[in-house]
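Asker: Could you look at this predicted model? Sequence included:
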Amino acid sequence: LLEQVLLELELLELELLEQVLWKQVLLEQVLLELASLELVSLEQGLLEMELLELALLEQALLVKELLGKELLEQALLVKELLGKELLELELLEQVLLELASLELVSLEQGLLEMELLELA
């Protein structure tokens with residue numbers, strides 16, 4: 001009877017050990033699943049960060065492009081305005097040269113009239 005009780009106790013101990021081992025296996029599976037989910041979450045986070053970086057890069061390129069276009073337009077406008085100003089300055093210079101020429105003619109005419117008066 002004692003041997004039978006000891007055998008049953010050993011059997012119960014083995015069953016309990018088996019249950020503990022199964023629970024340990026299940027716990028390890030759950031932990032592996034959680035680790036897998038954590039990795040998936042980390043990978044998703046990394047992908048989201050990469051997408052955010054790409055979006056920021058696209059925005060930076062767009063800003064650069066817009067600024068480049070704006071600067072180019074401003075440079076062309078300045079060039080156009082300077083061109084008009086230079087043209088106006090050239091016209092003004094021509095007018096001043098013409099006035100100076102007329103003034104010289106007028107001075108020469110006055111000198112000739114004075115010489116004629118002296119001769120007379």
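Answerer: Thanks, I have it. Numbers count the residues shown, from 1 in each chain.
Asker: hey, let's count contacts and neighbours off CA atoms from now on
Answerer: Noted.
Asker: Any idea how many residues pack against E70?
Answerer: Counted with other Cα atoms under 10 Å, the neighbours of E70 add up to 12.
Asker: An error on my part: the question was meant for K79.
Answerer: 12.
Asker: What pLDDT is listed against it?
Answerer: Per-residue confidence (pLDDT) for K79: 84.
Asker: Please, which helix or strand holds it?
Answerer: Taking DSSP states H and E as the criterion, K79 maps to helix 2-119.
Asker: next one: that helix to chain centre, how far?
Answerer: With Cα atoms, centre = their mean, to the nearest Å as the basis, helix 2-119 stands 0 Å off its chain's centre.
Asker: could you say what helices and strands that helix packs with?
Answerer: Using 3 or more Cα pairs under 8 Å, 6 or more residues apart in numbering; DSSP states H and E as the contact test, no helix or strand touches helix 2-119.
Asker: how far away is L112 from G68?
Answerer: With distances taken as Cα to Cα, to the nearest Å, L112 is found 65 Å from G68.
Asker: Residue ranges in the protein under the pLDDT threshold?
Answerer: Filtered on pLDDT under 70, the chain yields no residues whatsoever.
Asker: Spatially central residue for it, please.
Answerer: The centre of the chain sits closest to A60, judged by Cα atoms, centre = their mean, with a distance of 1.2 Å.
Asker: Tell me how far it lies from E53.
Answerer: Counting by Cα to Cα - A60 and E53 are separated by 10 Å.
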